[in-house]
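[1] Any chance you could fold what I've pasted below:
(one chain, ligands or ions: 1)
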Amino acid sequence: MRRGDGPEGLRTRGLRFLTAHRRALTRLAGWSVLESGQTFLLGYALARALDDGFLAGRAATGLGWLVPAALGVLLGAYGTGRVYGAVAALVEPLRDRLVVRVVERGVREADGGSLSGLTQQVEIARDTFAGLVMVSRSFVFTSAGALAGLCSLAPPLLLAVAPPLAAGVALFAATLRPLAGRQEAFLAADEALAEDLGTVCPGLRDVTAAGAEDRIAADTGVLVDAELQAARALARWGVARVACLALGGHLPLVLLLAGAPWFLAHGVTPGALVGALAYVTQALLPALTGLIHGLGTSGSRLTVVLRRLAPRGTTASRPGDGAGLRDPHPPGPATPRKPPALSVTALSFAYGPASAPVVDDLTLTLPAGGHLAVVGPSGVGKSTLTGLVAGLLEPVRGEIRICGRPVPGGEAAARRVLIPQEAYVFSGSLRENLTHLRPDPVPEKELLAAAEAVGSAPLVHALGGPEAAVDPAALSAGERQLIALTRAYLSSAPLALLDEATCHLDPEAEARAERAFAARPGGTLVVVAHRVSSARRAGRVLVMDGPRTMCGTHEEMVRRSALYRDLVGSWTTEETDDPDAPENAERSGNTESSGEAGEPGGSQGSRTSGKPGKPGKTAKPGEPGEAGEPREAGEPGEPGEAGPGSQPALPLGDADGVHTVAGAGLAGDRRHVVAHGPVGQVQAPRDLRDGGALGGEG
Ligand SMILES: Nc1ncnc2c1ncn2[C@@H]1O[C@H](COP(=O)(O)OP(=O)(O)OP(=O)(O)O)[C@@H](O)[C@H]1O
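    Coordinates of the predicted model:
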């Protein structure tokens, strides 16, 4: 937590803010005095009306005393009206300040989405703060008026009212901090559940298709239980609030009634006693109730919201602002910095506690707009890495961030889209399939432009246009991949993870799709490559080679990684129709590549599903393997077979995202992995996916 974000920091900044707005506070206090005057008159005039008027048989005098009480109500109402204006003079500067802070933060982080969320929180902060000012002010001035009235009626009456009132307020003050903690815990649990449901609900069809109902129900159930616990803890503290109210508001009433004979015997008049009862029931009790409920709930909510709005490590201040909620520890001028599209730090993962790590201490950075190809022998961990980045698998160690957002997490999940090898197409219209990841309606023009860019336009046309009904079983694997690719292209997630998502397309169609993703405005692409052309297109290549992971340009990797040279060699043998570059030169170690090939024509996925599933499995180059061919744990491994053995790890510069490190070994056990992300990104259990049984595609 940033210094100054804790309760102490908030209190200090709150006091500074109030000090800076002394004039508004003074005006507020002035108008509030009218309210206390009304409270004073309420009991005092009533007592006089009884003692000097009605009980003495002088009705006119009694009525005469009621007139000031009625005038007091009118004056009080006028004062209350002016109080609202004075509260606004205090609240609006707070709101302005928070808005400035939020906008600065939004600009700095270039994040319009979080900006709108924060703006909403500013409104909550403003309303809550206004409510707090109203109830606290009302309690202070009402109590002052009532206690002054009691004192002027008969000082002994204070004995029955002041001590329990003070005790109730003191007890309430003591419960404030733990109550705020419980309230914050409850809000956090509530938000976690809402975020989870917001992610899960739109993808229910995918959950069912993947057979992941039990797992999702279990995951969500954990959050429901957490919220239940938090709500119970909060409710227990609610009991303390009732005790405060009983002590400070109801006990004085009981004491006044029970002590009535004593008071009457010691010179307190009946009218004064009734006046005291009126003070307690009509003024103190409502004011105390308002304070306890207002401060107890809104106070902690305000604390939470202000803490959230606090700038992350930078200062928001306005010129000429003397004090207020400014960070007391300014760290210097803010430097606008866009977080990398993907950053992986010291990432390790194994499928079981006793299994060898599949990813071991991997660190890499991919800037926004970058294009990374992940290559390596079959079973080395490429899909595992994409699963980790997508948040479908939980790392054993290390950290992953997408556009600065931690993975796993709803914000990160909304910023990435994963397209697995086995494309998921569901029964419905083509439009539904293509726009599944977009919450907003997609204009026809945009949809067709996306299809054109990705290379699915001929397929859209052949199927009868966007409104045509889709029968997943009637589509070839390549056609399903084109649909899934177009869907991902249309999504607003900036980071696209293509895990052999084009393996059923011919090289030209693959080139077209990959280029389209790489050219998406602000788009970043990670592609698990199974063709040399795919790797050559990427600015960077991550070679996963068991414990030695290397990253660099295609040319660098050809020069430095024996495994990569082997992969390129075996790929080139298979790629007779590669649109990109002559690979024979690379096989012989010549790194002078001829650059990108020209834009391929309008090739589309084969309408038969006979394309080789994973031609890049160099461990068995002669055996392309059908897509969806079931694979047993440990079977494909052999990562060391093609590896360079003594090749050292190669840390490269971080100019546009690279790094080293290691990882691999085959995990022994095979866990049933299901996870969920935002709309349409629910993944089948690995064993389902490997078996090609995802959704209706089987
Ligand atoms: N759910 C699982 N439980 C246990 N081990 C698994 C699981 N999924 C994959 N593995 C193992 O983890 C290792 C890495 O698998 P992964 O699928 O990530 O490799 P890959 O490089 O993507 O392979 P391919 O190119 O064949 O898709 C393999 O040894 C695999 O058998």
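
[2] Point me to the residue of the stretch 101-250 of the chain nearest the ligand.
    For the stretch 101-250 of the chain, the residue closest to the ligand is R215, as judged by CB to the nearest ligand atom, at 12.9 Å. C-beta here means a position set from N, CA and C on the backbone, and glycine is covered the same way.

[3] What segments of the stretch 201-350 of the chain are helices?
    Here the stretch 201-350 of the chain has its helices, by DSSP state H, counting those that start in this stretch, at 204-209, 213-245, 251-258, 260-265, 270-278, 285-293, 300-309.

[4] Comparing the ones you listed by mean pLDDT, which bottoms out?
    Confidence, taken as mean pLDDT, is least for helix 300-309 of these (a mean of 70).

[5] For the helices of the stretch 201-350 of the chain, give me CSV that also has mean neighbour count.
    Formatted as CSV, the helices of the stretch 201-350 of the chain follow (neighbours: other CB atoms under 10 Å):
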stretch, mean neighbour count
helix 204-209, 18
helix 213-245, 15
helix 251-258, 18
helix 260-265, 13
helix 270-278, 23
helix 285-293, 20
helix 300-309, 20
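
[6] Just tell me which of these ends up closest to G149.
    Closest approach to G149 among the helices of the stretch 201-350 of the chain (CB to CB): helix 270-278, 6.9 Å.

[7] How far off centre is the closest one?
    Distance, stretch centre to chain centre, for helix 270-278: 56 Å (CA atoms, centre = their mean, to the nearest Å).

[8] Use 4 as the first number for this chain going forward.
    New numbering, starting at 4: the last item is helix 273-281.

[9] same for it, what does it pack against?
    Helices and strands touching helix 273-281, by 3 or more CB pairs under 8 Å, 6 or more residues apart in numbering; DSSP states H and E, are helix 25-51, helix 115-156, helix 160-203, helix 254-261, helix 263-268.

[10] Verify the assumption that A426 is located in a helix.
    No - looking at A426 with DSSP: H, G, I helix; E, B strand; the rest coil, it is coil, so not inside a helix.

[11] quick one, what contacts the residue lying closest to it once chain neighbours are set aside?
    Spatial nearest neighbour of A426, excluding adjacent residues (CB to CB, 6 or more residues apart in numbering): A487 at 3.6 Å. For A487, the contact set (CB atoms under 8 Å, 6 or more residues apart in numbering) comprises I422, A426, Y427, V428, A504.

[12] and the gap between the fourth one and D509?
    Taking CB to CB, to the nearest Å as the measure, V428 and D509 are separated by 19 Å.

[13] The two: which is more packed in?
    V428 (25 against 18; other CB atoms under 10 Å).

[14] and the gap between that one and A453?
    Relative to A453, V428 is positioned 16 Å away (CB to CB).

[15] Kindly report the same for A173.
    65 Å.

[16] Neighbour count for the two, which is higher?
    Comparing A173 with A453 by other CB under 10 Å, the one with more neighbours is A453, at 24 against 13.

[17] In which helix or strand does that one reside?
    Secondary structure from DSSP states H and E places A453 in helix 447-457.

[18] Residues in contact with that helix: which ones?
    Residues outside helix 447-457 that contact it (CB under 8 Å, 6+ apart): 434, 437-438, 460, 462-463, 469, 485, 488-489, 492-493, 515-516, 519-520, 522.

[19] Quick one: residues contacting S351.
    Residues near S351 by CB under 8 Å, 6+ apart: P360, V362, D363, D364, L365, P398, V399, R400, G401, G666.

[20] Leaving out sequence neighbours, find the closest residue to it.
    Residue nearest to S351 in three dimensions, not counting chain neighbours: R400, with 4.2 Å by CB to CB, 6+ apart.

[21] For the stretch 254-403 of the chain, which residues are neighbours of the ligand?
    Y354, V361, G379, S381, G382, V383, G384, K385, S386, T387 (CB under 6 Å from any ligand atom).

[22] Let's see which of those end up in helices.
    In helices, defined here by DSSP state H, the members of these are K385, S386, T387.

[23] gap between the residue lying closest to H557 once chain neighbours are set aside and the ligand?
    Nearest non-adjacent residue to H557, counting by CB to CB, 6+ apart: R539, 4.9 Å away. Separation of R539 from the ligand (CB to the nearest ligand atom, to the nearest Å): 19 Å.

[24] what helix or strand does R539 sit in?
    R539 is part of helix 535-540, with elements assigned from DSSP H and E.

[25] Mind listing the strands the helix or strand following that helix pairs with, and their directions?
    Going down the chain from helix 535-540, the next helix or strand is strand 543-548, by DSSP H and E. Counting by DSSP bridges, the strands paired with strand 543-548 are strand 374-378 (parallel), strand 551-555 (antiparallel).

[26] buried stuff in the last one?
    When burial is assessed from 16 or more other CB atoms under 10 Å, strand 551-555 yields the following buried residues: R551, T552, M553, C554, G555.

[27] Before I go, just wanted to say thanks for your time.
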